[in-house]
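Chemist: Okay, structure incoming, though there's no sequence with it:
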């Protein structure tokens, strides 16, 4: 770390798991496990190079995780979430830097799009827009107005239907 940037971004690893879960609990509470988006994370293997943590002098201060998903026709996309920033670092650029680095990595890996469930007013500053009512379905109820997409290449236009975990990404239990 340097004085100009009081935190650093590094790949998320098993060493960060306890701190990441504590941050998610602090930011989202236990209700996060009941959301339809969680069904796309359960048993899935995160996209390692696109999943990042932010560390400052006090420890973990931010995290973003991305997950591979496929659409109804087998088209691939990255599913973002959750992203969380500790209260001490909010409005400090951490979310922006996490988001831009992780989305950039997905672009480099050839993902046509990044999809998430969230607030358009917040995520539009990161280039996300509403996917369109009925374009995507999740494995559980979700507000269609909250499904957002950021196109990374022209193949994003072909994506649609039920999102699921690709068989190759399923973790052995």
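Modeler: Everything's here; your move. The shown structure was predicted, so the numbers you read here are calculated from the model rather than taken from an experiment.

Chemist: What residues of the strand or helix carrying residue 80 count as buried?
Modeler: If you go by DSSP states H and E, residue 80 is part of strand 76-85. Neighbour-count burial for strand 76-85, counted by 16 or more other C-beta atoms under 10 Å, picks out 76, 77, 78, 79, 80, 81, 82, 83, 84, 85. (Each C-beta comes from the backbone N, C-alpha and C, glycine too.)

Chemist: And stretch 135-151, by the same measure?
Modeler: In stretch 135-151, the ones that count as buried by 16+ other C-beta under 10 Å are 136, 137, 138, 142, 147, 148, 149, 150, 151.

Chemist: Make CSV out of the residues you listed and add distance to residue 130.
Modeler: What follows is the buried residues of stretch 135-151, written out as CSV (distance: C-beta to C-beta, whole Å):
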residue, distance to residue 130
136, 11
137, 15
138, 15
142, 13
147, 7
148, 6
149, 8
150, 11
151, 12
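
Chemist: Give me the below-cutoff pLDDT ranges for this structure.
Modeler: 1-5, 31-34, 172-173 (pLDDT under 70).

Chemist: all strands of it, in order?
Modeler: Counting by DSSP state E, the chain has strands at residues 8-11, 52-56, 59-70, 76-85, 113-117, 129-130, 136-137, 147-151, 161-162.
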